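Novice: no letters, just coordinates:
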């Protein structure tokens, strides 16, 4: 079912007024007054994007820009969803994305399957007992979810400071993204992801991304420090590299306020302040500063001083103009200036360099005091201006930072659309690797965990209604089913073989076979059931825990709804 069909359904529901299909006549998609067809439409949209061979979606945003992705949260956030039930699923997908970073498609697919199985039970039951039956389904779902989480903890594999495991987990996360097409690319990005998390020690907010057109994904680089896509305004044509530079951060205009000056008058006034500017620049030079990062911009040339063109960037204000005379004075003193740095970038630089951000020139009055200078000026191991190969873009980089844990990732590619999808994929992988470091537990992927939960629930839960338990177990196998389907495998045979591999019959298996059965998952390359742990297909415990918890919570909340009231417009 397409997204356009979903939108038409939502518009029809709005036009119907106070309730949605109050006669409940559509027996294929509703129970009582509540219609679930919009939920199944979402499931149909997402299910083809699941797994390493899942398809991408090309979405056109409101500005007409293309977005290429197979990330569940991104797809759902871009759809014009108005159906209130569908919005619940969008919310749980976004919650999974914000809290854990991966499993955004899985949580929606599982929730939809739980609702569909519950709907089938309610339809087959006595309509006069529908409320009590619905409550029984909800209670059983929560009980099955509780036991499922215990099973996850039981089969989870502890890992501590194992970089090889982290690389496998990152690779598994990227495998379901567009980067899965090349094993070389996947290994390269996986290594970059793990290294980035190690550098920032799990503080993902200290990782900055930059997108640069040209080259391929393999031309992407990780900078152990901070990279800025900014201009060095008084550099030379030759690459610049300074060892052990002193850094100054300025959130004010180094040349004074010229907002009230205009045309030729501005030129004469700025030149008239030459002596004052010389003293100002020499005061900076006494500190030993080599590089200044400033939020202000320069005029593009001296000729601009005689015109009304004050800035080279639309977002700059007149009071943010740095006169070229000041730039020249600083250049003569071998002090380099990086213009147009954002306030956020200044805060990152403050962490990386140990410098304090100066808010006005008044804070420079004590620059004769050595102790004051040491509290204001920062230092790094290296400052470098570098032109990226295959591009006209120059980057300034501060590396060998002792003051903080930060890094920058410069992503390359043939189009912004592809680069942005790479960034989304890396973000998910970063969150997953961080989760492994914080929880120290992994699970086998490729449907192994799902089949193990289904096998144990089927064998051990005799105290709950069999039909509801069967419904939950069937829903748990939804994800392996879509994995097999999108991989071009025979779904019935593959799921049957997977269930057989996890059927723990002590009379037929020795202890070693029983312990290894939990690792049996779907090998999507040959269709066989294999030990996916040995294949390196792993996922964090918290991803699977989040998927089951949020899916059951969303499904039970939706099942409690007996009517949808939409005011007429």
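Specialist: Cool, the structure landed. From a predicted model like this one, the values you see are computed outputs, not experimental measurements.
Novice: now do whichever helix in the chain runs longest, average pLDDT.
Specialist: Longest helix in the chain by number of residues, with DSSP state H as the criterion: helix 130-155. Helix 130-155 comes out with an average pLDDT of 89.
Novice: list the neighbouring strands of the helix or strand following that helix plus their orientation.
Specialist: Per DSSP states H and E, the first helix or strand lying C-terminal to helix 130-155 is strand 157-158. Looking at strand 157-158 with DSSP bridges, its partner strands are strand 441-444 (antiparallel).
Novice: can you list the residues that contact the partner strand?
Specialist: 152-153, 155-159, 165, 169, 436, 449, 518-519, 521, 532-533, 537-541, 544 (C-beta atoms under 8 Å, 6 or more residues apart in numbering). All C-beta spots, glycine's among them, are computed from the backbone N, C-alpha and C.
Novice: now the buried members of those residues.
Specialist: 152, 155-156, 159, 165, 169, 436, 449, 518-519, 521, 532-533, 537-541, 544 (16 or more other C-beta atoms under 10 Å).
Novice: buried residues in the longest helix of the chain?
Specialist: With the criterion 16+ other C-beta under 10 Å, helix 130-155 contains buried residues 133-134, 136-138, 140-141, 143-145, 147-149, 151-152, 155.
Novice: go on, stretch 406-419?
Specialist: In stretch 406-419, counting by 16+ other C-beta under 10 Å, buried: 406, 407, 408, 409, 410, 411, 412, 413, 418, 419.
Novice: right, and the pair among those with maximum separation?
Specialist: 406 and 418 (25.9 Å; C-beta to C-beta).
Novice: residue ranges with poor pLDDT in the stretch 301-450 of the chain?
Specialist: The stretch 301-450 of the chain contains residues with pLDDT under 70 at 301-325, 363-372, 403-404.
Novice: what about the helices in it?
Specialist: 324-332, 343-353, 370-376, 416-439, 448-460 (DSSP state H, counting those that start in this stretch).
Novice: ok, which of those helices comes nearest residue 45?
Specialist: Of all these, helix 416-439 comes closest under C-beta to C-beta, at 17.4 Å.
Novice: dump the residue contacts of residue 232.
Specialist: 240, 336, 337, 338, 385, 394, 396.
Novice: centroid residue for this protein?
Specialist: The residue lying closest to the centre of the chain (C-alpha atoms, centre = their mean) is residue 427, at 3.6 Å.
Novice: from residue 205, how far off is that residue?
Specialist: 12 Å (C-beta to C-beta, to the nearest Å).
Novice: buried set for stretch 453-461?
Specialist: Buried-residue list, stretch 453-461, by 16+ other C-beta under 10 Å: 453, 454, 455, 456, 457, 458, 461.
Novice: okay if I get the residues you listed as CSV plus distance to residue 281 and pLDDT?
Specialist: Formatted as CSV, the buried residues of stretch 453-461 follow (distance: C-beta to C-beta, whole Å; pLDDT from 0 to 100):
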residue, distance to residue 281, pLDDT
453, 69, 92
454, 73, 91
455, 75, 89
456, 74, 89
457, 74, 88
458, 78, 83
461, 78, 64
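Novice: and residue 116, how close does it get to residue 44?
Specialist: Distance from residue 116 to residue 44, by C-beta to C-beta: 12 Å.
Novice: higher neighbour count, the two?
Specialist: When residue 116 is set against residue 44 and neighbours are counted by other C-beta atoms under 10 Å, the residue ahead is residue 116, at 19 against 15.
Novice: tell me the contacts of that one?
Specialist: 36, 40, 475.
Novice: counting neighbours, what do you get for residue 164?
Specialist: 10.
Novice: apologies, that question was intended for residue 547.
Specialist: Neighbour number of residue 547 under other C-beta under 10 Å is 26.
Novice: part of a helix, is it?
Specialist: Yes. The assignment for residue 547 (DSSP: H, G, I helix; E, B strand; the rest coil) places it in a helix.
Novice: how about the residue nearest to the centre of the chain: what's its closest non-neighbour residue?
Specialist: Distance criterion C-beta to C-beta, 6 or more residues apart in numbering; nearest residue to residue 427, sequence neighbours excluded, is residue 101 at 6.8 Å.
Novice: was I right to think that neighbour contacts residue 428?
Specialist: Yes. In this structure, residue 101 is within contact of residue 428 by C-beta atoms under 8 Å, at 5.2 Å.
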